[in-house]
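> Turn this into a structure:
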Amino acid sequence: MTGQEIEQTLLEKLGDLKYTYRPDIRDHAALEQNFRDKFEALNRVQLTDSEFSRLLESIVTPDVFANARHLRECNSFERDDGTPLFYTLVNITDWCKNDFEVVNQFRINTASSHHRYDVILLIRGV
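Take a look at the predicted model:
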């Protein structure tokens, strides 16, 4: 079996498990927009661009322990108008109401590196 056939079989199995295949998410901008849409729907809020940028800065970290904590806890940050926003990244109390998505052949290109990921699983855009 080739790598492409293995990948296709995995995508089919994930589809059987009710993961939604997202062929439209191919780059970093599409991934961020998907996350923003899911975040705003879950938390019933509209973020400004600066608030969304600060949110990303606070949750994107190489620290796996901090990331795990962000996923399972209620978090907060200060909005542009000075009020606190309490939020969650995934629906912890009713996990089956989360969106489960799968992306393949995802690319992230920066000035110093080019990465391609075969398959990525997303829960509520995370």
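
> Double-check that Arg54 belongs to a strand.
No: applying DSSP: H, G, I helix; E, B strand; the rest coil, one finds Arg54 to be helix, outside a strand.

> May I have the residues that are in contact with it?
Going by Cβ atoms under 8 Å, 6 or more residues apart in numbering, Arg54 touches Phe77. Every C-beta, even on glycine, is put in place using the N, C-alpha and C of the backbone.

> Mind pulling the model confidence for it?
At Arg54 the predicted local confidence, pLDDT, stands at 92.

> What ranges in the protein fall below the confidence cut-off?
110-113 (pLDDT under 70).

> tell me the secondary structure for Val102?
strand.

> Quick check: bridge partners of it?
Bridge pairing for Val102 (DSSP bridges) gives the partners Tyr21, Leu121.

> you'd agree it is up against Leu14?
Yes: Val102 is within contact range of Leu14, at 4.8 Å (criterion: Cβ atoms under 8 Å).

> Next, show the common contact partners of these two.
What both Val102 and Leu14 touch, as defined by Cβ under 8 Å, 6+ apart, is the set Tyr21, Leu121.

> need the contact list for Leu11.
Residues near Leu11 by Cβ under 8 Å, 6+ apart: Tyr21, Val102, Asn104, Val119.

> gap between the first one and Thr88?
Meaning Tyr21. As for Tyr21, its distance to Thr88 is 25 Å (criterion: Cβ to Cβ, to the nearest Å).

> The second one now?
Note on Val102: its distance to Thr88, by Cβ to Cβ, is 22 Å.

> higher neighbour count, those two?
Val102 (20 against 17; other Cβ atoms under 10 Å).

> Weed out the non-buried ones from the contacts of Leu11.
Neighbour-count burial (16 or more other Cβ atoms under 10 Å) applied to those gives Val102, Asn104.
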